[in-house]
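1. Sequence and predicted structure, then a few things I'm wondering about:
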Amino acid sequence: MSEAQIKSLEKQFDDRIARDEKIEPKDWMPEKYRKTHIRQMSQHAHSEIVGMLPEGNWITRAPSLRRKVALLAKVQDEAGHGLYLYSATETLGISREEMYEQLHTGKAKYSSIFNYPTVTWADMGAIGWLVDGAAIINQVPLCNTSYGPYARAMIRVCKEESFHQRQGFEIMLKLANGTPEQKEMAQDALNRWWWPSLMMLGPTDDVSTHTEQSMKWKLKRKSNDDLRQQFIDQTVPQAELLGLTIPDKDLKWNESRQSYDFGEIDWDEFWQVVKGHGPMNKVRMKARVDAWEKGAWVRDAAMAHAEKKRNKKQKQAV
Amino acid sequence: MKKNWPLWEVFVRSKNGLEHRHCGSLHAADEDMALENARDVYTRRSEGVSIWVVESAHIKASNPENNGELFEPAQDKVYRHPTFYDLPDEVKHM
Ligand SMILES: [Fe+2]
Ligand SMILES: [Fe+2]
């Protein structure tokens, strides 16, 4: 194809998206669209899968059966989210094994928030409330994104997320209204998860790259700073309801903006964690790689068993 | 590692009276495992009363590049629609 032909195809392609048409797997698409989507969708899938680890850590130690079934169901949902997203990404021509390979070798990233440790039960509350809360804000606009399989996966995911946030908030509520030690535990979890949660909405707009392209393809509908502001504005009243204090001395209602002003985010910390120097990066990756490698014989055995069954059936048919 | 688990497409009937609808795909070693996995991945909240799985490799899909010759011929056949026919207003129940 000549350069002019590609240009005209690209123009038609962008026009389709601008008209709110969806792009489906077999449609022609610019190589950059395919690559960008593979990157974003696979990183999203990896985040759901690695995201099971911090919470999985507390399933056996949940304080009651009610909490245990809820946490178990939530973690199972996250596995589901990862699977929806992996298979949606596969429609773009990358194999599941290739994606795992990219995760395991560190070539692909996942959300940095999962590189923080979960040290107390209250962390299960703070994660559901704040981390899933921030994830919802990131994900809701994607239900309208231009790539059909991604949009459909996100609709499923978003339907399931609201229970995640509510079960987390309920944990916080119980602790905040419990003994002084329990309340202190809830406050400590908020102190540790607040800033990393704000970082989940991404770098500030002035340093954020490829935003314009992402806006055009509806991979992004609002800027990181707008999403962050939205998260803060909706979360502050929730913290007040809990009777907990958000660990930001500069947090203040701004009457003229009708929004909260907030303090400086430690972006050095963010980039350190992104680069692999967070408290749990190595532990998380080791857990994933171990699960994959130690599961190899199970996958092989299942394949061998399937083949044996198929052969038996064929023999019977003769 | 010998062979990777193949890909399966999953179709779920949400309730009797409705058709099975495609809801996504998954990997499994065989059709029985595909069905079990589909139950866990796509119907955790009573989204279905029946599941079909079919190996993706068995699906033949039309190519969007041929959409013109496949679907455009239907566009100028307005006589296939009831509004094409001119009848006086006095005709009722038609
Ligand atoms: Fe999720
Ligand atoms: Fe979640």
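-> That came through, no problem. Ligands and ions are numbered 1, 2, ... in the order given.
2. how about the helices of the chain, start to end?
-> Picking chain A for this. A:3-18, A:31-50, A:52-56, A:65-90, A:96-104, A:122-126, A:132-139, A:148-176, A:180-199, A:211-216, A:224-242, A:267-272, A:281-294, A:296-317 (DSSP state H).
3. To clarify, I was referring to chain B.
-> For chain B, applying DSSP H gives helices covering B:31-42, B:67-71.
4. which stretch among these comes nearest A:Glu269?
-> helix B:31-42 (35.5 Å; CB to CB). In short, each C-beta sits where N, CA and C put it, glycine included.
5. And the pLDDT for B:Met94?
-> Looking at B:Met94, its pLDDT reads 88.
6. Quick check: the gap between it and ligand 2.
-> Distance of B:Met94 to ligand 2, given as CB to the ion, to the nearest Å: 54 Å.
7. A:Gln234 too?
-> Counting by CB to the ion, the separation of A:Gln234 from ligand 2 is 17 Å.
8. To what extent is that residue buried, counted in neighbours?
-> Close neighbours of A:Gln234, defined as other CB atoms under 10 Å in any protein chain shown, add up to 12.
9. again, but for A:Gln12
-> By other CB under 10 Å, the residues close to A:Gln12 number 10.
10. Name the residues of chain A found near ligand 1, please.
-> By the rule CB under 5 Å from the ion, the part of chain A lying against ligand 1 is A:Glu48, A:Glu78, A:His81.
11. related to what we said a few turns ago, B:Leu26 is nearest to which of the helices of chain A?
-> Of all the helices of chain A, helix A:65-90 comes closest under CB to CB, at 6.1 Å.
12. quick one: that closest one near ligand 2?
-> No. Contact of helix A:65-90 with ligand 2 (CB under 5 Å from the ion) is absent, the minimum separation being 5.6 Å.
13. Select from the helices of chain A the stretch with the lowest mean pLDDT.
-> helix A:211-216 (a mean of 86).
14. now the strands for chain B?
-> All strands of chain B, identified by DSSP state E, fall at B:7-13, B:20-27, B:50-55.
15. now A:Ala126: how far from ligand 2?
-> Per CB to the ion, A:Ala126 is found 13 Å from ligand 2.
16. can you pull the contacts of A:Glu24?
-> Applying CB atoms under 8 Å, 6 or more residues apart in numbering or on different chains, we find A:Glu24 in contact with A:Gly148, A:Pro149, B:Pro64.
17. quick one: which of the residues you listed is most hemmed in?
-> Ranked by neighbour count (other CB under 10 Å), the contacts of A:Glu24 have A:Pro149 at the top, with 24 neighbours.
18. A:Ala126 and A:Asp188 touch, don't they?
-> No. Counting by CB atoms under 8 Å, A:Asp188 is not a contact partner of A:Ala126; they are 9.1 Å apart.
19. Give me the more crowded residue out of those two.
-> Ranked by neighbour count (other CB under 10 Å), A:Ala126 and A:Asp188 place A:Ala126 first, with 30 against 17.
20. Return the distance of that one relative to chain B.
-> To chain B, A:Ala126 is 25 Å away according to CB to the nearest CB, to the nearest Å.
21. who's B:Glu12 bridged to?
-> To be clear, residue B:12 is Val; Glu isn't right here. For B:Val12, the beta-bridge partners under DSSP bridges are B:Arg21, B:Ile51.
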